[in-house]
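Enquirer: have a look at this prediction, sequence included:
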Amino acid sequence: MNHPVFSQKERNIIILLIVIALGLILLYATRGIYGAFLGTLVMYTLFRKLNIFLIEQWRWPKPLSAVIIILASIFIIVLPFFGIGSMLVKKAMQLQQDPAWINQMIDAINDFAGDKLGKPDLVKEQIEASAAFFGTLLTSVLGGAANVFIEITVMYFILYFLFVNYRGFERGVIHYMPFDEQQASVFGTELKNITYSNIVGQTVIAIVQGGCLALGFWIFGVRDALFWGVICAILSFVPLLGPPLIFVPAALILLSQGQTWQAVGLLVWGFGLVINIDNVLRFIINKKVGDIHPLITVVGVIIGLPLFGIMGLVYGPLLLAYFLIAVKVYKTNKRLSLRKAQLEDRQ
């Protein structure tokens, strides 16, 4: 009788190595659509309760519920993003075709800086200092935008099957997670709260801040108030730092044009209302839903933009928050294991 070449233990090790190797190949092959996987997790978390309600309370067929939710999310989330993107592209094309007013503003600021601050090339210096950074950032954002359609298609394809087979999906996740049921429940709750806080809460903050700044621009006579309100809403995903990048330069432009009271009024409006709206709404959202520290948001945005393009404003902070939740659960699990081992030693 021939003896097997490998023992059972050696076979298990070889199979494990094969699984790891194939997993690494799959990770490498799907590296361009990581945003789709993260987007699927976010969308499932946001619409999970609605899907369960439609299926279990209203007795809708599972495929119908999935299709209706996907269509609703496209109209609520995806189409507005495409509308904003289209507006930004048109504005960029207008600026490229007619850059005269930008040059006039730069000259006005330089004249003001030369008279008041003794730095006639203030704008030129700042542009040269930041050109390399923003050039790299813009390249990554546009590169991510080119991949958005593929990611959205993959995201909704996966999301449909998760909604249809939501019970099997959740049982499988719980089964393969290295936590007991209680810790898995805690992990799921924190995951949901962080997702709601970052997506729903931050979106509300962005809309309110963008609307307030657009209103302020209109009151104090800054041109293209709606456009700059949209830009402010996008930058509002970076807490505290985003809106001043819009209204402070606008106030300097007004000041350089001799509109002193409008410039002062805009600065008071920005720092007194727009910034404080962020603080108040973030405090309310943190108490109602979940708490994301502003530092996590800022670092997450820095991480997310090169990885996911423009969607990194959302995905970056979420990814960092999910990592911190996993570390927290790991520490809890380790603490429980040590306590259990101490009790066994005493016995």
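Expert: Yep, that arrived.
Enquirer: in the stretch 101-250 of the chain, which spans are helices?
Expert: 122-146, 148-164, 166-176, 181-196, 202-219, 225-235, 244-256 (DSSP state H, counting those that start in this stretch).
Enquirer: residue contacts, residue 192?
Expert: Residues in contact with residue 192, defined by CB atoms under 8 Å, 6 or more residues apart in numbering, are residue 45. Glycine gets a C-beta too; all of them are placed from N, C-alpha and C.
Enquirer: surely residue 156 is in contact with residue 71?
Expert: No - counting by CB atoms under 8 Å, residue 71 is not a contact partner of residue 156; they are 9.8 Å apart.
Enquirer: what about those two, which has more around it?
Expert: Neighbour count, other CB atoms under 10 Å: between residue 156 and residue 71, residue 156 has more, with 19 against 11.
Enquirer: can you tell me the closest non-neighbouring residue to that one?
Expert: Nearest residue to residue 156, sequence neighbours excluded (CB to CB, 6 or more residues apart in numbering): residue 70, at 5.5 Å.
Enquirer: now do the contacts for the one you found.
Expert: So residue 70 contacts 156, 159-160, 163 (CB under 8 Å, 6+ apart).
Enquirer: would you mark the buried spots in stretch 297-310?
Expert: 297-298, 300-301, 303-310 (16 or more other CB atoms under 10 Å).
Enquirer: same check on stretch 61-72?
Expert: By neighbour count with 16+ other CB under 10 Å, stretch 61-72 contains the buried residues 62, 65-66, 69-70.
Enquirer: redo these as JSON lines? Include secondary structure, pLDDT and distance to residue 236.
Expert: Formatted as JSON lines, those follow (DSSP: H, G, I helix; E, B strand; the rest coil; pLDDT from 0 to 100; distance: CB to CB, whole Å):
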{"residue": "62", "secondary structure": "helix", "pLDDT": "94", "distance to residue 236": "37"}
{"residue": "65", "secondary structure": "helix", "pLDDT": "94", "distance to residue 236": "33"}
{"residue": "66", "secondary structure": "helix", "pLDDT": "95", "distance to residue 236": "32"}
{"residue": "69", "secondary structure": "helix", "pLDDT": "95", "distance to residue 236": "27"}
{"residue": "70", "secondary structure": "helix", "pLDDT": "94", "distance to residue 236": "27"}
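Enquirer: nearest spatial neighbour of residue 68, skipping sequence neighbours?
Expert: Spatial nearest neighbour of residue 68, excluding adjacent residues (CB to CB, 6+ apart): residue 54 at 7.2 Å.
Enquirer: what about that neighbour, how many neighbours?
Expert: Residue 54, neighbours per other CB under 10 Å, totals 20.
Enquirer: where's it relative to residue 69, distance?
Expert: Relative to residue 69, residue 54 is positioned 8 Å away (CB to CB, to the nearest Å).
Enquirer: let me know the average pLDDT across stretch 283-297.
Expert: Mean pLDDT, computed over stretch 283-297, is 69.
Enquirer: try stretch 269-276
Expert: 88.
Enquirer: cool, stretch 188-203 as well?
Expert: On average, stretch 188-203 scores 80.
Enquirer: for stretch 306-321, same thing?
Expert: 76.
Enquirer: next: stretch 210-223.
Expert: In this model, stretch 210-223 has a mean pLDDT of 90.
Enquirer: so where's the stretch 1-150 of the chain shaky on pLDDT?
Expert: 1-3, 89, 92-147 (pLDDT under 70).
Enquirer: so what's the gap between stretch 189-200 and the chain middle?
Expert: Centre-to-centre, stretch 189-200 and its host chain are 12 Å apart (CA atoms, centre = their mean, to the nearest Å).
Enquirer: from residue 173, how far out is residue 331?
Expert: Taken as CB to CB, the span from residue 331 to residue 173 is 21 Å.
Enquirer: swap in residue 75?
Expert: Distance from residue 75 to residue 173, by CB to CB: 29 Å.
Enquirer: burial measure for residue 183, as a count.
Expert: Close neighbours of residue 183, defined as other CB under 10 Å, add up to 16.
Enquirer: wait, it sits on residue 334?
Expert: No - counting by CB under 8 Å, residue 334 is not a contact partner of residue 183; they are 11.3 Å apart.
Enquirer: what comes into contact with stretch 20-31?
Expert: Contacts to stretch 20-31, defined as CB under 8 Å, 6+ apart, come from residues residue 37.
Enquirer: give the buried residues for it.
Expert: Within stretch 20-31, judged by 16+ other CB under 10 Å, no residue is buried.
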